[in-house]
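Enquirer: Sharing a sequence plus its predicted fold:
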Amino acid sequence: MAQEIVSSLLFKLADAVFKEAVLLYGVKDKVEYVERELRWIQSFLKDADSKRKGNNSVQNWVKDVREVSFMIEDAIDTFLIKVESLSLKEPGILNTLKRVCKKPKKLVAMHNLDSEINKIQARLKEITESKDRYGLKDLGDNNAGIVTLPNRPTVIPEIDEIDVVGFNTEKDKIIGMLLDENISRRSVVSIVGMGGLGKTTLAEKVYQSVKSKKQFEFDVWLTVSQHFKSIDLLKKILQKAYGEKFEKEREEVYYITEVNKFLTEKRYLIVLDDIWSDHVWTQIKGALPDNNKGSRVLITTRFLDIAKKADLESDPFELRLLSEEESLRLLFKKALPRNVFNEGYPHDLLEVANSFSKQCGHLPLALVVVGGMLSTKPRTETAWNKVMRTMDWQTDGKDCIKILASSYEDLPVHLKTCFIYLASFPDDTQYEPKLIIRLWVAEGFIPHDARGTVEEKAEKYLEELAQRCMIQVTDRSRPDSVIWSFRVHDLLLDLAIREAQEKDFLNVFRKQNNSQGSNVTRRVTFQLADYNSDDTSKLAGEYSIPNVRTLFFFGKVVPFDSQFKLLRVLVIIGIYSGEHPYWLINLKSMLHLRCLVFRDCEFETSKLTLDIDHLHNLQTLKIFDCSGIVIKGSESTLANKNLKHVDCAWSCIVIRVGSASPDPPSDEMIFAVYGWREPEIILTIKNDSWEAAFARLDELKQRYPSINLDYLQLNSRVIPLLEITDNLDRRPTRILYLNGEIQSKNASLNDDMFRRYVKNIVLSQSHIDQMQVLPQSQFRRLVLYKGAYIGKRMICSANSFSTLLYLEISLLEKLEEWHIEDGALPELFALVIQKCLKLRVLPNLQYLKKLYYLMLKSMPEKFIRRVQNEDKHKIEHIEEIKIEN
């Protein structure tokens with residue numbers, strides 16, 4: 001992991017802004033020395049990584065490299081954030097540098113970069129001198145991150161029926177594919193899946209069954225494993241063919257020719273078990289003739305791309321996890337091998353067995369390991385529960401973990417980083433690929449180059465993890481296309497957590513396993529759904545993370561006493577609380593922030609207003625299914641070239657036209673009107689003409705196609721309805737908010753053109769005095785806010801508003817009487833009456849047969865008393881009634 005940290009740091013040292021800074025400040029030589037030393041150390045990290053297991057000295061050396069890397073990163077980020085703080089006063093970071101560097105004392109006071117670099121140089125010298133003592137070598141780029149594992153035996157173990165529980169259908173299909181007489185070409189049948197799924201066990205059962213049918217003239221089982229030699233595989237084929245060993249060493253082409261010659265006239269079956277590289281097939285396929293005799297090759301692998309390359313005409317056979325029933329069957333047959341369960345499983349053990357099955361993630365190998373342990377214990381619920389409480393996969397399940405770890409160890413360094421980053425999320429997460437990709441980019445895991453965008457490269461990384469069966473794809477747009485969602489097996493996620501914490505890559509806080517780890521860790525995930533406020537307050541007091549770069553919060557937000565000025569990634573999911581921690585208000589000071597995500601959050605007591613105007617490094621803004629959150633920006637936000645991904649379920653675009661535009665209504669109104677669990681994104685566009693304003697809106701929509709322009713707010717003293725209507729056909733919006741007096745010359749709210757493109761409308765300061773001018777059909781939602789209706793008497797005549805579902809009247813200061821005639825508002829579902837202080841009597845709501853929801857908010861006490869007494873008959877049919885003062 002130190003390799004990836006150093007790589008990321010070297011990328012940062014090469015940043016143009018930082019290079020300009022050190023040049024102006026006069027520390028260029030020292031920084032270049034640091035860069036050279038890091039590049040040199042990097043070449044030895046690959047050897048160190050392969051030797052660190054079981055070698056405390058090497059582990060300490062790698063730890064020293066990580067710590068000095070963190071020192072360098074802190075020095076750079078702290079320096080740049082102060083420079084960027086000054087740049088807010090004068091546009092352009094480089095301009096700021098040039099201005100400030102004319103006053104060296106001021107820059108020295110701002111940050112003593114020179115002193116920090118001196119300390120770093122001393123630590124680098126110690127590290128480079130110590131490497132020789134540990135026998136570390138420069139490995140270059142070869143075999144990065146690969147740990148040699150012992151080869152599996154080539155002797156086929158005895159097959160037991162219980163080992164293929166759940167795969168009988170799969171077994172029959174594969175046997176049918178191998179024996180299919182309609183396919184005469186040499187075809188390859190591939191069994192693909194993650195470690196521990198039972199690929200080899202299934203292949204062994206298939207192999208024995210096919211052998212017994214004697215339809216192949218020659219067959220051989222070859223175990224390949226990670227470090228194979230093609231010559232050894234070819235020798236084993238010839239040894240099986242001729243019954244003698246080939247001791248004399250010859251060129252590989254000799255063995256290829258001999259094998260090909262022997263197999264040419266035969267129908268043969270070759271099993272290649274546990275293939276880790278596509279080089280295996282490339283090097284051996286020339287020895288396996290396509291003789292049109294129905295010959296077959298059966299391979300098992302963890303890599304989907306290997307299977308696809310081996311035979312373009314055959315679909316790989318991807319093994320699945322066991323079902324709940326299959327998992328229980330395998331567990332009980334291993335735990336109680338002498339029992340026959342014709343009438344169901346032991347009732348007293350069923351609950352704990354289900355718990356074991358879930359803990360194993362329905363993985364056959366894990367179930368076999370657990371079943372073997374339970375087979376030595378008393379057949380009692382108490383004994384099995386004790387195993388559940390005390391089992392340690394690192395010791396009791398080490399064989400299972402070793403097999404899973406081999407897949408991780410085989411990953412290239414960049415994929416190791418991307419994989420263990422998934423430990424930031426809780427168990428059973430359905431991962432969203434777009435979010436994961438943007439997080440990887442924000443973290444700096446994806447290098448920039450000329451071969452496509454970083455997002456495209458990140459997609460390839462994700463696809464490679466899927467090909468290697470490190471993640472389980474749960475949904476694709478279509479076969480072989482984009483991944484829409486995926487999961488990580490629980491045991492692989494546990495492996496990722498252990499690796500992340502061991503390497504100070506990520507600290508994971510859970511109630512069950514609350515190990516604080518190191519305070520130097522740059523990433524922390526708090527999975528605190530079962531914490532209470534006392535727990536989180538205690539955690540805030542005991543755990544210090546001043547230099548953290550990444551924070552994940554699930555279920556609770558910790559009330560830290562810090563501003564996190566160096567933060568790059570902030571993800572908050574599943575927060576339902578009245579208050580928000582104060583440090584979130586200081587978001588504008590997090591100038592390095594690149595990714596901001598809120599999902600499934602509610603802040604009810606006080607709204608969380610976040611100003612993103614100064615976050616010039618922000619790349620991704622994702623707000624989904626939230627309430628009580630207001631994100632504010634302006635033209636400068638839209639001008640931020642780094643902000644490429646805005647993904648919000650609800651977007652309020654505020655356009656203000658003319659110098660005399662009225663102020664936008666308060667945030668309170670917006671949330672009172674709708675009450676939907678969606679965030680409000682306010683981007684204010686100021687222009688002197690409607691034409692320019694709508695052109696700016698088009699530019700915004702083109703730049704951020706993921707933005708939903710659900711809510712368009714237009715503010716002006718006078719709103720020319722005709723001009724607005726002409727622009728709506730090209731810019732459809734779900735809700736239109738008109739804040740200003742409507743100029744209805746040559747146009748009407750009742751026009752077909754207007755009703756065609758607007759189904760939901762909010763009016764404010766419109767100065768309407770008759771309901772007839774409002775749309776009478778096709779509309780779904782109507783809100784009349786302060787100044788929208790100025791008449792003393794409001795009448796909804798029969799057959800009016802025939803499609804309206806939601807109606808709200810709020811702050812109508814002059815309204816005294818409201819009459820609803822029978823037949824009006826026939827589809828109305830929800831009605832809100834708020835702060836209409838002169839309204840004396842509730843209208844005839846008994847005519848509204850479909851009215852389900854009624855809210856009366858901040859209405860006079862006299863009005864409420866009448867509703868609860870004399871007018872009670874008007875509301876008896878309404879299912880849900882809320883009265884708030």
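Expert: Structure's in. What do you need? Residues are numbered from 1 along each chain as shown.
Enquirer: show me the contacts for the nearest residue to Lys457 once chain neighbours are set aside.
Expert: With sequence-adjacent residues excluded and distances taken as Cβ to Cβ, 6 or more residues apart in numbering, Lys457 is closest to Ile446, at 5.3 Å. (C-beta placed from N, C-alpha, C; glycine too.) By Cβ atoms under 8 Å, 6 or more residues apart in numbering, the residues touching Ile446 are 440, 454-455, 457-458, 461.
Enquirer: Show me how far stretch 549-569 is from its chain's centre.
Expert: Taking Cα atoms, centre = their mean, to the nearest Å, the mean C-alpha location of stretch 549-569 is offset from the chain mean by 17 Å.
Enquirer: what about it, how long is it end to end?
Expert: End-to-end distance of stretch 549-569: 7 Å, with Cα to Cα, to the nearest Å as the criterion.
Enquirer: Averaged pLDDT, that stretch. What do you get?
Expert: Summarised as a single mean, pLDDT over stretch 549-569 is 86.
Enquirer: circling back: which SS state does the residue nearest to Lys457 fall under?
Expert: Look at Ile446: counting by DSSP: H, G, I helix; E, B strand; the rest coil, its state is coil.
Enquirer: Of the contacts of Ile446, keep whichever come out buried.
Expert: Among the contacts of Ile446, those buried by neighbour count (16 or more other Cβ atoms under 10 Å) are 440, 454, 457-458, 461.
Enquirer: Which single one of the residues you listed is nearest to Ile878?
Expert: Nearest to Ile878 among these, counting by Cβ to Cβ, is Trp440 at 50.9 Å.
Enquirer: now the strand or helix carrying the closest one: how far from the chain's centre is it?
Expert: Using DSSP states H and E, Trp440 maps to helix 433-443. Relative to its parent chain, helix 433-443 has a centroid offset of 7 Å by Cα atoms, centre = their mean.
Enquirer: Tell me the first helix or strand C-terminal of it.
Expert: The helix or strand immediately downstream of helix 433-443 is helix 454-467, counting by DSSP H and E.
Enquirer: Name the residues that touch that following helix?
Expert: By Cβ under 8 Å, 6+ apart, helix 454-467 touches 303-305, 414-415, 418-419, 433, 436-438, 440-441, 445-449, 451, 471, 473, 482-483, 486.
Enquirer: Can you show me the CA trace of that helix as CSV?
Expert: This file holds the C-alpha atoms of helix 454-467, laid out as CSV (Å, rounded to 0.1, in the frame of the first residue of the first chain):
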residue,chain,number,x,y,z
VAL,A,454,-9.8,9.2,-15.7
GLU,A,455,-13.4,8.1,-15.4
GLU,A,456,-13.0,5.7,-18.4
LYS,A,457,-9.9,4.3,-16.9
ALA,A,458,-11.7,3.8,-13.5
GLU,A,459,-14.4,1.9,-15.3
LYS,A,460,-11.8,-0.5,-16.6
TYR,A,461,-10.4,-0.9,-13.1
LEU,A,462,-13.9,-1.8,-11.9
GLU,A,463,-14.4,-4.2,-14.8
GLU,A,464,-11.1,-5.9,-14.0
LEU,A,465,-12.1,-6.4,-10.4
ALA,A,466,-15.3,-8.1,-11.7
GLN,A,467,-13.3,-10.2,-14.2
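Enquirer: If I take the next helix or strand along the chain from that helix and helix 454-467, what angle do their directions form?
Expert: As assigned by DSSP H and E, the chain's next helix or strand after helix 454-467 is strand 472-476. Put simply, strand 472-476 runs at 120 degrees to helix 454-467, going by axes from the mean of the first three to the mean of the last three Cα atoms, to 10 degrees.
Enquirer: for strand 472-476, what is the average pLDDT?
Expert: For strand 472-476, mean pLDDT is 81.
Enquirer: One more: stretch 591-610?
Expert: Mean per-residue pLDDT for stretch 591-610: 80.
Enquirer: can you check stretch 538-545 too?
Expert: Averaging pLDDT along stretch 538-545 yields 79.
Enquirer: mind listing what's buried in it?
Expert: If you call a residue buried by 16+ other Cβ under 10 Å, then stretch 538-545 has these buried ones: 539-540, 543, 545.
Enquirer: Nearest to Lys125 among those?
Expert: Relative to Lys125, the closest of the buried residues of stretch 538-545 is Ile545; by Cβ to Cβ it sits at 29.0 Å.
Enquirer: name the element that closest one belongs to?
Expert: Ile545 is part of no helix or strand when elements are defined by DSSP H and E.
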